[in-house]
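Student: just the structure for this:
(one chain, ligands or ions: 1)
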Amino acid sequence: MDFLELSKSRYSVLHYQNKPIPDELLNKIVEAGISAPTACNYQPQKIKLINSDSDIEKLNRVVPSRYYVPAAFLVCYDKTKCWTRKYDGKTSGEIDATIVTTHMMMEAASLGLGSIWVMYWNPDTMKAEFEIPDQYEPVALLIVGYADKSIDPHKEHFLRKSMEEVLF
Ligand SMILES: Cc1cc2nc3c(=O)[nH]c(=O)nc-3n(C[C@H](O)[C@H](O)[C@H](O)COP(=O)(O)O)c2cc1C
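Tutor: This is a model prediction of the structure:
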């Protein structure tokens, strides 16, 4: 499958099979996050793998889920390791972490795993629950697992803008 086909076939998965993910696949997803481009190649990403029972319990307290969550990655960046643009002081951390997460999401898809990117959580609660060091800023939560294929993608998945709407 070429990249365009893969990116079109990916969708946000809310329902997962109760089936563990082999470490080999989880490692490949992390590798994809390591291979992502970052500003000046400073690689400020710090990734928390959440797949032990106790960590999943913690996650369920931060992001109450009605569904079974097999594993997740909390993608953070180290605030002391980001590149800063001199003109306006803008730092690259959020952008770097977002690219890293996208790489991981697409690697999960290429491995036949489903995923969903979740932003709807309280950063303070997340930091406290997982005892995230002050210098790390959590940006993205990526839940991964084997999709329950009997459930169709959400209807929003099919709502894509046309080229005419996007290009200007
Ligand atoms: C930055 C970001 C944040 C998101 N946060 C949430 C979220 O908190 N809860 C949720 O159900 N979906 C979340 N999503 C999933 C989007 O709603 C979904 O990607 C979008 O509707 C397109 O659907 P698709 O991924 O199935 O193609 C998020 C996606 C992105 C990229």
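
Student: for the longest strand along the chain, packing partners?
Tutor: Determined from DSSP state E, the single longest strand within the chain is strand 136-145. Applying 3 or more C-beta pairs under 8 Å, 6 or more residues apart in numbering; DSSP states H and E, one finds that strand 136-145 contacts strand 71-78, helix 93-110, strand 114-118, helix 123-129. In this view, the C-beta of every residue, glycine as well, is placed from N, C-alpha and C.

Student: and the ones you listed, which is most packed in?
Tutor: strand 71-78 (a mean of 24; mean count of other C-beta atoms under 10 Å).

Student: any idea of the angle that one forms with strand 114-118?
Tutor: Interaxial angle of strand 71-78 relative to strand 114-118 (axes from the mean of the first three to the mean of the last three C-alpha atoms, to 10 degrees): 40 degrees.

Student: anything in strand 71-78 near the ligand?
Tutor: No. Using C-beta under 6 Å from any ligand atom, strand 71-78 stays clear of the ligand, with a minimum separation of 10.9 Å.

Student: hmm, who's touching that strand?
Tutor: For strand 71-78, the surrounding residues in contact (C-beta atoms under 8 Å, 6 or more residues apart in numbering) are 21, 26, 29-30, 33, 44-51, 56, 59, 93-94, 96-97, 100-101, 104, 126, 130, 132, 135-145.

Student: mind saving the C-alpha coords of that strand as PDB?
Tutor: Output of strand 71-78 as PDB, limited to C-alpha atoms (Å, rounded to 0.1, in the frame of the first residue of the first chain):
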ATOM      1  CA  ALA A  71      -2.100   0.600  25.000                       C
ATOM      2  CA  ALA A  72      -1.300   4.300  24.600                       C
ATOM      3  CA  PHE A  73       1.600   6.600  24.100                       C
ATOM      4  CA  LEU A  74       1.800  10.000  25.800                       C
ATOM      5  CA  VAL A  75       4.000  12.100  23.600                       C
ATOM      6  CA  CYS A  76       5.700  15.000  25.400                       C
ATOM      7  CA  TYR A  77       8.600  17.300  24.700                       C
ATOM      8  CA  ASP A  78      11.400  18.400  26.900                       C
END
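
Student: if anything else comes up later, I'll come back, but that's it for now.
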